[in-house]
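[1] give the three-dimensional model of this entry:
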Amino acid sequence: MGGLENHTCQAAGCDNPAKLQCPTCVKLEISGSFFCSQDCFRRSWAEHKQTHQVSSPKATYNPFPSYPYTGSLRPVYPLSPRREVPADIPRPDYADAPGGASKLEQSYGNAQINAMNPEEIETMRRVCRLGREVLDTAASALRVGITTDEIDRIVHEATIARKAYPSPLGYYEFPKSVCTSINEVICHGIPDQRTLQDGDIINIDISLYKDGFHADLNETYFIGNVDEQGRKLVETTRECLQHAIDMCKPGVRYRDLGSAIEKHARANGFSVVRTYCGHGVGKMFHCAPNVPHYAKNKAIGIMKPGHVFTIEPMINEGRYNDQTWRDNWTAVTVDGKRSAQFEHGILITETGCEVLTRRLESSPGSQH
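    Got it, this is the predicted structure:
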């Protein structure tokens with residue numbers, strides 16, 4: 001980087017001589033970040049920080065160095081630029097809305113649970129199959145040394161190749177096309193420059209939007225040599241989801257699923273996250289019913305044919321409590337211990353249920 005000589009302040013409307021440079025730009029070897037004062041720097045920050053999102057960073061950094069992290073994981077910035085979606089792919093209502101807010105979801109509120117008609121169900125089957133294909137594509141790429149940003153690229157490209165929109169992208173300003181949650185991250189991890197390490201567990205949460213409907217599913221995978229306790233956590237979480245699915249049929253109360261999940265988790269020495277729950281899915285990314293995963297919850301509703309919703313238990317190695325990083329998305333365990341999750345989209349039929357996001361014969365296993 002050059003010195004400050006002969007440079008003027010880059011803040012809008014200011015041409016005073018520069019006296020300082022952006023420290024992040026210096027780290028990343030990004031040229032041209034000159035300001036005359038801290039006031040001009042702060043005033044320009046909202047626009048200036050976009051320059052930190054580079055495709056091939058020469059240096060990485062922790063954006064929240066003073067945050068009291070609970071475990072060993074750290075965010076590794078800069079984030080890559082927002083990936084583009086071709087203009088001919090239909091977008092959900094929040095994709096270009098201020099703040100990424102869905103007016104459809106906000107207008108729906110806590111309305112009654114909608115039952116899909118046969119045509120809508122067939123569309124959901126097709127879209128959920130595409131979601132499964134994208135998840136399997138991402139899982140096949142997992143290996144020690146790959147960055148979560150590279151996983152995001154793979155997911156994004158696989159999604160738009162199917163003429164679908166990656167549902168997380170822009171949803172309430174989420175910056176990426178997939179959630180990648182490693183070790184102590186419970187959910188909503190933002191893909192960045194961190195590489196996967198031997199012994200990690202990672203959850204990949206896929207959501208996509210096509211033909212007016214969203215699919216939503218996730219799985220947790222082993223990276224290299226995961227210890228016995230980590231494997232037990234992941235397998236118990238998979239079993240918790242299956243216990244809940246086995247209960248699904250017309251007449252079952254949504255609140256009762258949590259009892260089966262928590263019973264199995266506690267029997268294996270684990271706890272169940274309470275902050276996040278399953279949800280209705282279809283024309284909206286999130287809608288009624290709410291599907292808590294813990295016992296003695298107060299969820300409203302009874303399963304009826306045509307209901308479509310997710311079950312997605314998050315099971316913790318230690319305490320069930322969570323907190324959120326300063327990116328306002330990444331939810332982590334308060335004790336820094338690991339968390340695992342599995343999610344399926346479920347359709348209630350006349351006699352039981354159908355797992356719309358079920359694994360295929362070609363789906364990769366958990367070990368990578």
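
[2] element containing D136, please.
    helix 118-140 (DSSP states H and E).

[3] for that helix, packing partners?
    Packed against helix 118-140 by the contact rule (3 or more C-beta pairs under 8 Å, 6 or more residues apart in numbering; DSSP states H and E) you find helix 148-161, strand 201-210, strand 213-222, strand 344-348. Using the backbone N, CA and C atoms, a C-beta is placed for each residue, glycine as well.

[4] for the record, mean pLDDT for that helix?
    In this model, helix 118-140 has a mean pLDDT of 98.

[5] give me the contact list for it.
    Contacts to helix 118-140, defined as C-beta atoms under 8 Å, 6 or more residues apart in numbering, come from residues 116, 151, 154-155, 158-159, 162, 164, 178, 204, 206-219, 221, 282, 306, 308, 345, 347, 356-360, 362-364, 368.

[6] what's the burial count for A215?
    28 (other C-beta atoms under 10 Å).

[7] ok, now P17?
    12.

[8] which residues does it bridge with?
    The partner list for P17 in beta bridges (DSSP bridges) reads T8.

[9] who are the contact partners of it?
    So P17 contacts L4, H7, T8, C9, C36 (C-beta under 8 Å, 6+ apart).

[10] can you redo those as CSV with distance to E239 and neighbour count?
    Formatted as CSV, those follow (distance: C-beta to C-beta, whole Å; neighbours: other C-beta atoms under 10 Å):
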residue, distance to E239, neighbour count
L4, 61, 15
H7, 61, 17
T8, 63, 14
C9, 60, 20
C36, 61, 20
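
[11] of those, which is the nearest to D88?
    C9 (42.1 Å; C-beta to C-beta).

[12] residues in contact with the closest residue to the closest one other than its chain neighbours?
    Take C9 and drop its neighbours on the chain: the residue closest to it by C-beta to C-beta, 6 or more residues apart in numbering is C36, 3.8 Å away. Applying C-beta under 8 Å, 6+ apart, one finds that C36 lies in contact with T8, C9, A11, C14, N16, P17, A18, K19, L20.

[13] what about C36, distance to C22?
    Using C-beta to C-beta, to the nearest Å, one gets 13 Å for the distance from C36 to C22.

[14] before we move on, what about K49?
    For K49, the distance to C22 (C-beta to C-beta) stands at 9 Å.

[15] out of those two, which sits in the more crowded spot?
    Under the neighbour definition other C-beta under 10 Å, K49 and C22 were set side by side, and C22 has more, 21 against 14.

[16] not counting sequence-adjacent ones, nearest residue to the more buried one?
    Spatially, and ignoring its direct neighbours in sequence, C22 is nearest to S33 (3.8 Å; C-beta to C-beta, 6+ apart).

[17] I'd like the next helix or strand past the lowest-mean-pLDDT helix or strand in the chain.
    Here the helix or strand of the chain ranked lowest by mean pLDDT, DSSP states H and E is helix 23-28, holding a mean of 71. Going down the chain from helix 23-28, the next helix or strand is strand 34-35, by DSSP H and E.

[18] neighbouring strands of that next one in the sheet, and parallel or not?
    Here, using DSSP bridges, strand 34-35 pairs with strand 20-21 (antiparallel).

[19] so what's T148 up against?
    T180, I182, G189, P191, D192, R194, L196, I202 are the contacts of T148 under C-beta under 8 Å, 6+ apart.

[20] 10 Å instead?
    T148 sits next to 76, 176, 178-182, 189-196, 202, 204 when contact means C-beta atoms under 10 Å, 6 or more residues apart in numbering.

[21] ditto for T310
    207, 215-218, 277-281, 286, 289, 291, 343-346, 356-357.

[22] let's see 7 Å
    T310 makes contacts with D216, G278, H279, V281, V291, E343, H344, G345, as judged by C-beta atoms under 7 Å, 6 or more residues apart in numbering.

[23] just the buried residues out of those, in ChimeraX syntax.
    ChimeraX command restricting the contacts of T310 to the buried ones, with burial defined by 16 or more other C-beta atoms under 10 Å:
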select :216,278,279,281,291,343,344,345
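
[24] could I get the contacts of T310 as a markdown table with distance to E312 and pLDDT?
    Shown next, in a markdown table, are these (distance: C-beta to C-beta, whole Å; pLDDT from 0 to 100):
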| residue | distance to E312 | pLDDT |
| --- | --- | --- |
| D216 | 8 | 98 |
| G278 | 5 | 98 |
| H279 | 8 | 98 |
| V281 | 10 | 98 |
| V291 | 8 | 98 |
| E343 | 3 | 98 |
| H344 | 8 | 98 |
| G345 | 10 | 98 |
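
[25] what residues does the closest residue to R326 other than its chain neighbours make contact with?
    Leaving out its chain neighbours, the residue that sits closest to R326 by C-beta to C-beta, 6+ apart is F64, at 4.5 Å. Contacts for F64 were tallied using C-beta under 7 Å, 6+ apart; they are P75, W325, R326.

[26] the first one and T60 touch, don't they?
    No: under the criterion of C-beta atoms under 7 Å, P75 lies out of contact with T60, with a separation of 9.5 Å.

[27] the more surrounded of those two?
    More neighbours surround P75 than the other of P75 and T60, with 21 against 15 (other C-beta under 10 Å).

[28] how near is that one to R338?
    Distance, P75 to R338, by C-beta to C-beta: 17 Å.

[29] output stretch 84-94 as CSV, nothing but the C-alphas.
    Extracted C-alpha coordinates of stretch 84-94, given in CSV (Å, rounded to 0.1, in the frame of the first residue of the first chain):
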residue,chain,number,x,y,z
GLU,A,84,-26.0,-13.3,-8.9
VAL,A,85,-29.2,-15.0,-9.9
PRO,A,86,-30.1,-14.9,-13.6
ALA,A,87,-33.0,-12.5,-14.3
ASP,A,88,-35.1,-15.2,-15.9
ILE,A,89,-35.4,-17.2,-12.6
PRO,A,90,-38.5,-16.2,-10.6
ARG,A,91,-37.8,-14.7,-7.2
PRO,A,92,-39.7,-14.9,-3.9
ASP,A,93,-41.2,-11.7,-2.8
TYR,A,94,-38.5,-10.8,-0.3
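
[30] alright, that wraps it up for me.
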